[in-house]
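J.: prediction below, plus the sequence it came from.
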Amino acid sequence: MHLPTLLVTSVMINLLIAGMLWAIYHLRHRERCFKLWALACLTFVLGTGFAVARELLAAPVLTIFVAHLILGISPLLLLAGIHALMNLPLAGNRRSAQLLYTAGVLYLLGLAVGAGLDPAFARFLTALFSALVFSLAIYRLGSIERKPRLPIVILQGLFAVHGTLMMAQVLVVIASAAGQLQPDIGPLLKLILINHLLLVSATAMALPLLAFSRAERALVALAERDELTQLFNRRAFYREGRQAFVQARENRKPITVLMIDLDHFKQINDRWGHAVGDRVLRVVAGLMASELREDDIIGRVGGEEFAAVLRNDTGEGIGQVTERLLSRIVEAGRVIEEAPVHLSASIGGVTLVREYAGFEDMMAAADAALYRAKRNGRNRAEFIPASVTAE
Ligand SMILES: Nc1nc2c(ncn2[C@@H]2O[C@H](COP(=O)(O)OP(=O)(O)OP(=O)(O)O)[C@@H](O)[C@H]2O)c(=O)[nH]1
């Protein structure tokens with residue numbers, strides 16, 4: 001491919017992406033990572049511009065030293081953006097900051113001492129420095145635990161190819177200096193440069209994916225989770241429950257729906273205050289999450305009302321599960337926030353059998369069983385059709 005055409009195209013793409021990132025920065029409450037990534041694109045354009053000017057200008061300080069300095073800053077800004085996204089200091093934690101400062105100082109000294117004389121040496125230094133920064137970026141992205149993994153894996157892949165190309169450039173320069181390559185290494189370096197320019201553009205396009213996938217998750221959590229307990233809210237619980245109902249029917253596997261209502265919760269609120277009441281709700285939510293299994297569905301479906309869908313395909317009977325849950329609530333609820341609240345709960349349960357037409361029917365049946373548990377003295381579980389009483 002014609003190199004000047006590629007250079008111009010890459011510069012244009014990077015300018016467009018920088019503009020887009022800048023706009024996103026302003027639209028998304030000045031989230032700093034977007035500003036840093038926009039600046040990374042701009043510095044890349046600027047550095048490339050200065051480097052290309054070498055064909056026209058006999059000013060090595062500008063076209064070699066300054067150009068490469070700016071080109072070295074570009075991956076640093078990209079890494080700083082990743083750190084900003086992860087709420088870390090811009091240079092990362094202490095160890096990576098020390099590494100970056102040391103490498104940065106050596107890079108600067110190297111450029112100042114040798115690069116004015118030889119553009120190949122400047123290219124060698126920039127490639128080495130960039131490869132180091134990309135390796136750090138891959139490592140840092142690897143420590144992000146959240147899902148989805150796809151944008152992280154895409155970026156790690158792009159950085160890995162970037163770093164490999166940079167190292168290839170380093171090797172080409174070393175081999176030519178050692179006389180192992182033909183004097184004209186231009187075509188090889190051009191090929192590496194072409195790939196590098198394409199990668200820079202691809203990376204600039206992939207970066208927003210990372211931030212958007214995070215924002216998307218935050219929005220979903222906001223829409224689906226109950227703010228106080230972080231369990232599913234009523235709407236999300238019903239949606240998940242309906243899905244579980246359909247699956248259970250198709251696979252002919254049992255599921256059980258439980259309704260769990262705290263006993264005399266109004267009195268706890270009235271006697272000990274709303275803050276203690278809130279704490280009680282959080283404690284119960286935590287108990288449910290720890291006592292039930294990870295693929296069970298748990299939600300807060302009313303003020304002091306919780307519900308769960310259990311995929312009860314283990315040997316443990318559902319009566320044992322509810323007994324354990326009730327006694328854990330009594331245990332943990334004796335004293336909460338130094339208030340002797342003496343908490344207990346009632347449970348109504350129903351297991352999927354043929355006659356239920358939908359999930360809502362199962363919930364209504366569980367509610368009827370819960371009503372029976374309340375009427376029969378509370379701190380107990382009632383099932384349709386069998387009955388189990390807590391200790
Ligand atoms: N602290 C707190 N209280 C809440 C919240 N949501 C609902 N409540 C209270 O929960 C109480 C529910 O009271 P009731 O429906 O009478 O039930 P109860 O007192 O538990 O009585 P039984 O269910 O019959 O044992 C009400 O006083 C609500 O104000 C909340 O988010 N935080």
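T.: Perfect, I can see it now.
J.: can we go C-alpha only for contacts and neighbour counts from here?
T.: OK.
J.: residues contacting Leu189?
T.: Gln169, Val172 (C-alpha atoms under 8 Å, 6 or more residues apart in numbering).
J.: try it again with 10 Å
T.: Arg123, Leu165, Ala168, Gln169, Val172, Val173, Asn195 (C-alpha atoms under 10 Å, 6 or more residues apart in numbering).
J.: which pLDDT does the model give it?
T.: pLDDT, Leu189: 70.
J.: helix or strand right after the lengthiest helix in the chain?
T.: If you go by DSSP state H, the chain has its longest helix at helix 186-224. Of the helices and strands lying after helix 186-224 in sequence (DSSP states H and E), the nearest is helix 234-251.
J.: and for the residue nearest to Val330 when sequence neighbours are not counted, the neighbour number?
T.: Excluding the flanking residues, the one nearest Val330 by C-alpha to C-alpha, 6 or more residues apart in numbering is Ser344, at 5.2 Å. Using other C-alpha atoms under 10 Å, Ser344 has 23 other residues around it.
J.: same question, Lys374
T.: Neighbours of Lys374 using other C-alpha under 10 Å come to 21.
J.: any buried residues in the one helix or strand it maps to, and which?
T.: Per DSSP H and E, Lys374 falls inside helix 359-375. Across helix 359-375, burial judged by 16 or more other C-alpha atoms under 10 Å covers 359, 362-363, 365-374.
J.: with stretch 9-21 instead?
T.: Neighbour-count burial for stretch 9-21 [16+ other C-alpha under 10 Å]: Ser10, Val11, Ile13, Asn14, Leu15, Ile17, Ala18, Gly19, Leu21.
J.: any idea how far the ligand is from the second one?
T.: Computed as C-alpha to the nearest ligand atom, to the nearest Å, the Val11 to the ligand distance reads 55 Å.
J.: where does the stretch 51-200 of the chain have low pLDDT?
T.: Across the stretch 51-200 of the chain, the ranges flagged by pLDDT under 70 are 115-117, 180-186.
J.: which helix or strand lies directly C-terminal to the helix or strand containing Phe34?
T.: Using DSSP H and E, the element containing Phe34 is helix 32-52. Next in sequence after helix 32-52, counting helices and strands by DSSP H and E, comes helix 60.
J.: check which element follows that following helix along the chain.
T.: Where DSSP H and E defines the elements, the next helix or strand beyond helix 60 is helix 67-85.
J.: quick one, that following helix and helix 32-52 angle?
T.: In terms of direction (axes from the mean of the first three to the mean of the last three C-alpha atoms, to 10 degrees), helix 67-85 departs from helix 32-52 by 170 degrees.
J.: now helix 67-85: buried residues?
T.: 67-85.
J.: so how far is that helix off the chain centroid?
T.: Centre-to-centre, helix 67-85 and its host chain are 22 Å apart (C-alpha atoms, centre = their mean, to the nearest Å).
J.: buried stuff in the helix or strand following it?
T.: On the C-terminal side of helix 67-85, the closest following helix or strand by DSSP H and E is helix 94-110. If you call a residue buried by 16+ other C-alpha under 10 Å, then helix 94-110 has these buried ones: Leu100, Ala103, Gly104, Tyr107, Leu108, Gly110.
J.: all set, thanks.
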